[in-house]
Every structure is written in structure tokens, then in C-alpha cells.
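Colleague: Based on what follows, work out the 3D shape:
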Amino acid sequence: MSDDDFEPRLGRMRARGGKRGRSYLGQVVAAAARVGMGRGWRNRRFDGSRIGRGASIGRLLGSRDRHAGLRARRAVVKTRLVRLGQKGLSGARAHLRYIQRDGVTREGTPGALYSAERDQADGKAFLERQAGDRHQFRFIVSAEEGDEYPDLKPLTRRLMAQMEQDLGTSLDWVAVDHFNTGHPHTHIMLRGKDDRGENLVIAREYIAHGLRTRACELVTLDLGPRSDIEIERRLRHDIGAERLTNIDRQLVRESDEHRTVAAAHRDPFQQSLRAGRLQTLGTMGLAEHVGADRWRLADRLEETLRRVGERGDIIRMMQREITARKLDRPGVDHVIFDPADGDTAPVIGRAILRGLSDELHDRHYLLVDGVDGRLHHVELGRGDATEPTTEGAIVRVVARVPVAREVDRTVAAVAAANDGRYSIDLHLRHDPRATEAFAQTHVRRLEAMRRLMRSVDRAADGSWTVADDHLARASAFEARQARDRPVTVELLSAIPVERLGRADGATWLDRTLVGTEAPPLRDAGFGREVRAVQAVRRQWLIEQGLAEIEQGSTRYRANLLAILQRRELLRVAGQLSDELGLTFVETKSGARIEGKVDRRIDLVSGRFALIEKSREFTLVPCTKALERQLGKQVGGIMRGDVISWTIGRGRGGPSIS
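Modeller: Next up is the predicted model:
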């Protein structure tokens with residue numbers, strides 16, 4: 001072949017399209033699946049579940065678990081594989097702090113980290129050993145009768161020793177026992193290396209079945225098999241349970257293609273269980289009697305019962321919190337905020353608790369005492385995707401709607417006019433009014449979609465290939481984002497409502513009184529509290545000469561909010577001027593603001609950022625984008641109440657407006 005025959009193909013580095021970007025293991029799994037399709041000797045596709053350590057013992061234990069019977073004690077094992085990646089050990093360090101947090105022991109003290117040999121393990125040394133590791137395993141082990149163990153350490157150590165035998169390697173792990181819930185459980189962090197320093201790969205079949213079966217065996221050995229009385233008590237309790245039970249699973253397995261099943265059984269006790277459970281399902285609208293002893297099960301029986309069970313758990317938790325916090329809420333309505341419901345109205349109220357709905361995956365929830373007199377449970381998604389919420393703060397919760405944004409429509413329009421290509425130059429030619437900084441926001445959006453979903457491709461020259469169905473892909477991207485952050489929590493006031501009545505600043509109450517933020521207040525619960533504090537606030541505004549009674553109603557100064565905000569800013573600026581030895585300069589419309597973002601300051605009027613120069617400083621509204629620039633030089637021009645910022649000393653830096 002001559003040199004002229006060689007034609008290089010240009011593309012971005014580390015491309016993942018097609019086979020070239022797929023890992024070797026991924027290619028093996030895909031090829032095996034293709035080869036195995038349609039062969040009579042194999043009734044399921046090869047999925048890689050038996051690749052790794054513990055595959056054979058996992059398969060053996062899985063079959064043993066399915067035939068363990070009713071006498072075996074039960075245990076739950078939740079597993080998460082965490083890829084350390086570019087973030088390194090920051091996520092592992094945060095998780096280690098979380099599992100050792102205060103109040104998780106029986107005495108309410110911080111969790112004690114232990115290992116196979118030590119009752120007081122060194123967490124810092126454990127993290128240092130993981131420097132450069134590819135991944136880490138995290139487990140939560142919970143025995144159904146875990147409250148009968150005075151100490152969970154021996155059980156955990158025996159379980160991990162058995163796991164070492166099953167996998168054929170020694171394991172490096174630490175654990176913490178938690179007793180702060182109704183079910184005592186253990187958090188285990190396992191290093192992703194074997195005893196030879198190679199990546200520890202555990203077969204999915206062992207993770208799915210083997211580890212849980214080993215835990216059940218140990219608990220059964222410790223506490224003994226369940227007695228007939230225990231088994232019958234549990235099964236009779238399941239007849240009326242509003243959740244998915246083992247009886248339901250048995251009925252579903254025995255149903256035919258039309259989802260009909262018979263209540264009859266050769267065992268009289270099982271007969272009574274099935275008949276009673278089918279009657280309960282019929283009352284719930286999840287089963288229909290079709291004659292004789294035959295019943296037709298609802299199509300989505302399992303999913304519906306799981307949702308009902310989760311809702312019941314949430315309601316019981318909310319009731320416990322009301323009792324524990326001594327909230328006077330007789331007959332209060334409990335509402336589960338559902339972002340998937342398109343008609344869900346925003347919730348405004350007081351944040352009373354932020355907790356964990358899923359400890360393993362760090363998913364949080366928020367309880368909001370609403371101005372509508374109801375208590376709302378809000379699923380927040382991933383904990384690090386939402387800013388911390390202070391108890392007592394007043395917030396507004398809005399559901400995120402997973403639809404394409406205006407930026408996506410602009411990209412699609414530019415690409416449609418340029419044969420499916422998008423770039424900053426093409427954007428500026430398509431819309432001469434657009435600025436380069438504005439076009440850069442579209443590039444950042446495309447970069448996020450490429451990084452997380454591979455739904456767009458970037459060429460070597462920096463341009464982008466945009467598909468015809470780009471808007472549908474953007475909606476899918478938003479839906480994926482919504483799983484991690486299903487709602488937006490807006491802070492209305494960091495100051496509790498009881499301190500707003502006579503606060504010298506532009507408060508959230510003032511905005512409700514003048515009509516800029518006037519939610520409907522129910523004369524019950526938190527709504528009643530807000531009404532009472534509003535009356536105090538009106539009287540204070542009248543005393544300050546900022547409002548007056550006219551013909552039986554209250555009339556407020558037209559520039560009430562601006563007056564109150566300026567009063568607070570000047571007062572706080574005077575204190576800061578004495579502290580810093582700098583001169584305070586007020587911001588005016590059209591003025592240019594330059595300096596270093598020194599700190600964030602929480603005031604009654606809201607959050608402000610201190611912008612410091614060599615001899616002077618100013619206070620400006622603090623946005624999330626500006627807060628991320630702490631310690632950096634920024635510049636911007638104030639237009640009305642909006643400031644368009646640029647990062648760095650020059651005017652050509654990237655915009656953060």
C-alpha cells in the first residue's frame with residue numbers, strides 16, 4: 001500500500017461510538033448474547049452475571065435460597081458498586097462521614113467504625129489504601145430480627161469471613177452499625193481490590209443471591225429456625241397487609257396467561273391464606289372474582305402494591321415525626337408530592353425535616369409544613385443534587401418538568417438550517433443578534449448531553465452533529481436528570497417565620513402582604529401561624545411609617561421592599577466597613593462592578609455576595625452561579641435588578657449570568 005492510499009479519519013479522542021469505544025468485556029458479553037440467541041439448549045441470553053469471583057457459589061446459593069422454605073430467617077442485603085472515577089475519594093470520604101454521623105447508635109452517639117480485626121478502625125488509613133482504586137463496593141445488611149442482637153459486629157465479621165471463602169480472596173473492609181431506625185442494620189464499605197492488588201470483580205449472581213443467602217444462614221444459625229407459630233402469625237398478618245407480600249408473589253407465579261388463579265389449595269392453612277388474601281385484593285380493586293374459586297389478578301398488581309406499601313411507610317414516618325416534634329396537627333392531611341403528576345401545584349411552607357429515603361444511594365426527602373395546612377413529603381432525589389435545607393426555613397418546592405428547553409430548540413433550529421451541524425459560528429450567522437457568550441451556553445448544554453447520554457457527537461473541529469430528533473433526545477436527557485433531581489427547592493426565607501414579624505429588612509412576609517408572593521393561606525397549621533405573624537408585621541410597618549390604614553384596609557408604600565432592603569444593606573454595610581476597613585459603595589443601574597467574590601452573607605432581605613476591591617466593597621444579590629466563584633475575580637454590569645457577570649479580570653471571560 002502506498003502512502004497515497006492512507007486516508008486518516010478525524011474524530012475526537014477516546015470515541016465511544018460502535019465497537020471501538022466499547023470495553024473488551026462489553027464486546028464479549030454482546031458477542032456471546034448474539035451467538036446464544038435462538039439456540040434451544042439455552043433459554044436465556046448471556047448477560048455477564050456469571051463473570052467474576054463467586055459465580056458458581058452464587059448460582060448454588062441462589063438455588064438453595066429459592067428452596068429454603070418458610071423456616072429460614074430473613075435478611076436484606078443492598079449492594080451498590082461505586083466507580084471512584086475523576087472525583088477520586090471525595091465521594092468515599094463523604095460516605096464515610098455520613099455512616100459515622102451522630103445519633104446512629106443505641107445511645108445516640110456517633111457511629112463507631114470497625115474492621116475485621118479492630119473495634120476502632122482508622123477510616124483515614126482505609127481511604128489512603130484506596131488511592132488509585134477503580135471502584136468500591138457498599139453494602140447495607142439488615143436482619144429481620146436484628147433487634148435481637150445486642151451487638152452486630154460478630155455477625156458482620158462472620159458474614160465477611162464467609163464472603164472471603166466464597167470469593168477466594170481476602171477482603172479489605174470497614175463497617176458501622178446503625179440502630180437509629182426500626183430495623184438495625186450495618187453499612188459496609190469494601191475496597192475494590194483483591195489480595196493480589198487486582199480489581200475485585202464479583203459475579204452479579206453472587207451479589208444478587210449469594211450474599212443474602214449467606215446472611216440468612218447465619219441469622220438462622222444464631223436465632224434458630226422460625227417456629228410454626230411465628231410462621232403462621234406472619235402469614236396471617238400478610239392477609240390484610242397493604243403491600244406486596246409473599247402470598248401475592250405465589251398467586252402471581254401460579255396464575256395462567258389470563259392472570260387467573262384458583263383460591264383452592266390442598267393444604268387447608270394455605271387455602272385460608274389464599275382465599276383471605278384474594279378477598280383483600282378484591283376490596284382494593286386489584287383482583288376480580290370470575291366464578292367458583294377463580295380470581296383474575298390486576299395487570300399491574302405487583303407494581304401497585306409496591307407503591308401502596310411505600311406510601312404507607314411514608315405516612316407512618318410522617319406521623320412519627322409529628323409526634324416526635326410535638327406539632328399540634330390534629331387530623332392533619334398527609335400529602336406525598338408527586339412530580340410525575342403534571343397538575344401538581346408548587347408547595348410553599350416551612351421545612352421541618354430533611355432525611356434519607358435511600359441510604360445506599362444517598363437519596364433524600366424533605367418534610368414541608370405547608371401554608372395550605374397540610375404536611376407534604378417531597379422526594380428530593382440525590383442528596384448532592386440539592387442544596388442543604390435548614391430546618392425552619394421557608395421554601396417553595398416546584399416539580400421539574402422533563403421537557404426540552406429553549407436552548408434545545410435553538411440548537412435544533414440552527415442545525416436544521418445547516419445540514420444537521422451546530423457550532424458557535426453557525427449560531428452567530430443564524431442569529432446576528434446573539435453574542436458569543438450566549439452561544440457558549442448552548443455548547444455547554446450539548447457537552448452535558450454528550451457526556452451523560454451520548455445523544456450528540458462532537459467533531460474534531462469543535463462542531464456538533466445534531467440528529468433530527470434532537471428535541472426528543474433533549475426531553476429524554478431532562479427525564480434522566482429529573483430522576484436525580486425531581487424537584488427544585490427555592491429558599492424564600494432562611495429566617496424562621498416567628499422572627500419575621502419585626503425584622504428590619506425586606507422579608508418574605510412583606511412580599512406576601514404587597515402581593516408579589518401571596519400564596520393562599522389556610523386557617524390551619526402553618527397557614528394559621530403565617531396569618532398571625534402577618535398581623536404583627538402590618539402593625540410594625542404602620543409604626544415605621546411604611547403603611548397606613550385607609551378605609552378599613554392597609555395601604556403600603558409603593559417602594560416598600562426597596563426601602564426595607566436598602567435600610568438593611570446600609571446597616572450591615574456599616575458593620576462590614578468597620579470590620580474590613582473598606583468603603584461601601586452602593587450599586588446603581590448601568591454601573592460596572594468588579595472585584596473578588598469574598599463571601600456570601602445571609603440577610604433578612606435574602607442572600608448577598610460581598611464583592612471586594614482594594615479600597616472598597618459592594619453587596620450584590622448572590623446567585624448560585626456567583627456563589628461558585630468564591631475567591632475569584634468577576635466583573636459585570638448592573639441593568640435594573642439583573643447583573644451580567646463575567647469570570648476573570650478581562651471582559652472577554654465566560655459569562656455566568
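Colleague: got the contact list for the closest residue to residue 374 other than its chain neighbours?
Modeller: Leaving aside its chain neighbours, residue 374 sits nearest to residue 333 (4.3 Å; criterion: C-beta to C-beta, 6 or more residues apart in numbering). (C-beta placed from N, C-alpha, C; glycine too.) Contacts for residue 333 (C-beta atoms under 8 Å, 6 or more residues apart in numbering) come out as 373-375.
Colleague: where along the stretch 201-350 of the chain do the strands fall?
Modeller: 260-262, 287-291, 294-297, 334-337, 347-358 (DSSP state E, counting those that start in this stretch).
Colleague: For the contacts of residue 333, pick the one with the most neighbours.
Modeller: The most crowded member of these, judged by other C-beta atoms under 10 Å, is residue 375 (24 neighbours).
Colleague: is that residue in a bridge, and if so with what?
Modeller: residue 334, residue 369 (DSSP bridges).
Colleague: thought it was touching residue 325?
Modeller: No: using C-beta atoms under 8 Å, residue 375 is not in contact with residue 325, being 10.8 Å away.
Colleague: Assign residue 594 to helix, strand or coil.
Modeller: strand (DSSP: H, G, I helix; E, B strand; the rest coil).
Colleague: Apart from its chain neighbours, what residue comes closest to it?
Modeller: Take residue 594 and drop its neighbours on the chain: the residue closest to it by C-beta to C-beta, 6+ apart is residue 635, 4.4 Å away.
Colleague: Quick one: neighbours of the one you found, just the number.
Modeller: The burial count for residue 635: 19, using other C-beta under 10 Å.
Colleague: what's the helix or strand hosting it packed up against?
Modeller: Residue 635 belongs to strand 633-639 when assigned by DSSP states H and E. Judged by 3 or more C-beta pairs under 8 Å, 6 or more residues apart in numbering; DSSP states H and E, the packing partners of strand 633-639 are strand 592-603, strand 642-647.
Colleague: ranking the ones you listed by mean pLDDT, which is last?
Modeller: Mean pLDDT is lowest for strand 642-647 among these, at a mean of 66.
Colleague: related to what we said a few turns ago, now the strand holding residue 635, how far from the chain's geometric center?
Modeller: In terms of C-alpha atoms, centre = their mean, to the nearest Å, the centre of strand 633-639 is set 34 Å apart from its chain centre.
Colleague: surely residue 308 meets residue 241?
Modeller: No: with contacts counted by C-beta under 8 Å, residue 308 stays clear of residue 241, the gap being 9.5 Å.
Colleague: related to what we said a few turns ago, list residues touching both of residue 375 and residue 325?
Modeller: By C-beta under 8 Å, 6+ apart, no residue touches both residue 375 and residue 325.
Colleague: what stretches of the chain score poorly on pLDDT?
Modeller: The model of the chain has pLDDT under 70 over residues 1-50, 64-70, 86-88, 326-331, 342-343, 640-657.
Colleague: Put the alpha carbons of the biggest helix by length in it into CSV.
Modeller: Ordering each helix of the chain by length in residues (DSSP state H) puts helix 301-324 first. Extracted as CSV, the C-alpha positions of helix 301-324 are listed here (Å, rounded to 0.1, in the frame of the first residue of the first chain):
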residue,chain,number,x,y,z
LEU,A,301,-50.7,-5.9,40.7
GLU,A,302,-47.1,-6.1,41.9
GLU,A,303,-46.2,-2.5,41.0
THR,A,304,-49.4,-1.1,42.5
LEU,A,305,-48.8,-3.0,45.8
ARG,A,306,-45.2,-1.8,46.0
ARG,A,307,-46.4,1.8,45.6
VAL,A,308,-49.1,1.3,48.2
GLY,A,309,-46.5,-0.1,50.6
GLU,A,310,-44.1,2.7,50.0
ARG,A,311,-46.9,5.2,50.6
GLY,A,312,-47.9,3.5,53.9
ASP,A,313,-44.2,3.6,55.1
ILE,A,314,-44.0,7.3,54.3
ILE,A,315,-47.3,8.2,56.0
ARG,A,316,-46.2,6.3,59.2
MET,A,317,-42.9,8.1,59.1
MET,A,318,-44.7,11.5,58.9
GLN,A,319,-46.9,10.6,61.8
ARG,A,320,-43.8,9.7,63.9
GLU,A,321,-42.2,13.0,63.1
ILE,A,322,-45.3,15.0,64.0
THR,A,323,-45.4,13.1,67.4
ALA,A,324,-41.6,13.4,68.0
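Colleague: about what we covered before: so the residue nearest to residue 594 touches residue 596, yeah?
Modeller: No: if you go by C-beta under 8 Å, residue 635 and residue 596 don't touch, sitting 10.6 Å apart.
Colleague: measure residue 585 to residue 632 for me?
Modeller: Here residue 585 is placed at a distance of 20 Å from residue 632 (C-beta to C-beta, to the nearest Å).
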